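[1] here is the input, now give the coordinates:
(chains A and B)
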Amino acid sequence: AQSVTQLDSQVPVFEEAPVELRCNYSSSVSVYLFWYVQYPNQGLQLLLKYLSGSTLVKGINGFEAEFNKSQTSFHLRKPSVHISDTAEYFCAVGIGAQKLVFGQGTRLTINP
Amino acid sequence: NAGVTQTPKFRVLKTGQSMTLLCAQDMNHEYMYWYRQDPGMGLRLIHYSVGEGTTAKGEVPDGYNVSRLKKQNFLLGLESAAPSQTSVYFCASSYSPGNTIYFGEGSWLTVV
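    Numbers count the residues shown, from 1 in each chain, chains lettered A, B, ... in the order given. Just a heads-up that it's a prediction; the model follows:
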């Protein structure tokens, strides 16, 4: 069975510092990979996705992620965070991909 | 641009009552999904549909039923609500596998 593990449930960082949110997945077949962001009391918005091709994917709001097939990882990074990046971030794996399997989420808190 | 619309947004039910959550999308998407979100557990797929007239079980289907009589609508029903079904429910849709999944803003359900 496919699964997604987000290694950190909470990540506090200072404003303008870099951040990495970690995501590992397990799957025996090719997958699509996604990062979604959820702001308080809102639905999920797509940050970026990997379908094929270049392993470095750039998304909205200055985020990027790198697909590493050998390590089955898809970590999300931003070189300099802003207060407005405070949100919950979800990694997801598309299988087949008729459906997405989500990780447990990482709450990113930006401190001034 | 409506996108994915869920109704109602908030509801309180007594144990044993029934209700239906309605999801409507105006993007002509084939695929539709119902997820529930619980603290520390990410989003878990309840049921999904790959086209009008089709439904399939997700990870946590017990206690829920769905129908997709029209392409634009995906209904989630609770026949006999239980406190364990207190959650935030998200509907989502996508054009095809690998494409962006668009989420509604969520429906907060409390079962007392």
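
[2] least confident secondary structure element in chain A?
    Least confident element among the helices and strands of chain A, by mean pLDDT, DSSP states H and E: strand A:99-102 (a mean of 81).

[3] in PDB, list the C-alpha atoms belonging to that strand.
    In PDB, the C-alpha atoms belonging to strand A:99-102 read as follows (Å, rounded to 0.1, in the frame of the first residue of the first chain):
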ATOM      1  CA  LYS A  99      -6.900   9.500  -5.800                       C
ATOM      2  CA  LEU A 100      -4.400  11.300  -3.600                       C
ATOM      3  CA  VAL A 101      -3.000   9.900  -0.300                       C
ATOM      4  CA  PHE A 102      -2.100  12.800   2.000                       C
END
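
[4] who touches the helix or strand following that strand?
    Per DSSP states H and E, strand A:99-102 leads on to strand A:106-111 as the next helix or strand towards the C-terminus. For strand A:106-111, contacts defined as Cβ atoms under 8 Å, 6 or more residues apart in numbering or on different chains pick out A:6, A:8-15, A:19, A:21-22, A:81-90. Placement of C-beta: from N, CA and C, glycine included.

[5] mind giving me the ChimeraX select for those residues, buried ones only?
    Buried residues among the contacts of strand A:106-111 (16 or more other Cβ atoms under 10 Å in any protein chain shown), as a ChimeraX selection:
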select /A:6,11,13,19,21,22,81,85,86,87,88,89,90
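
[6] contacts with chain B among the contacts of strand A:106-111, please.
    Among the contacts of strand A:106-111, the ones lying near chain B by Cβ under 8 Å from any Cβ of the partner chain are A:6, A:9, A:90.

[7] wait, the second one touches residue A:104, no?
    Yes - judged on Cβ atoms under 8 Å, residue A:9 makes contact with residue A:104 at a distance of 6.7 Å.

[8] any shared contact partners between these two?
    Jointly contacting residue A:9 and residue A:104 under the rule Cβ under 8 Å, 6+ apart are residue B:40.

[9] and the one helix or strand residue B:11 maps to, what does it pack onto?
    Element membership for residue B:11 (DSSP H and E) is strand B:10-13. Packing partners of strand B:10-13 (3 or more Cβ pairs under 8 Å, 6 or more residues apart in numbering or on different chains; DSSP states H and E): strand B:107-111.

[10] now do the strand it packs on: everything it contacts.
    Residues contacting strand B:107-111 (Cβ under 8 Å, 6+ apart): B:6-15, B:19, B:21, B:81-91.
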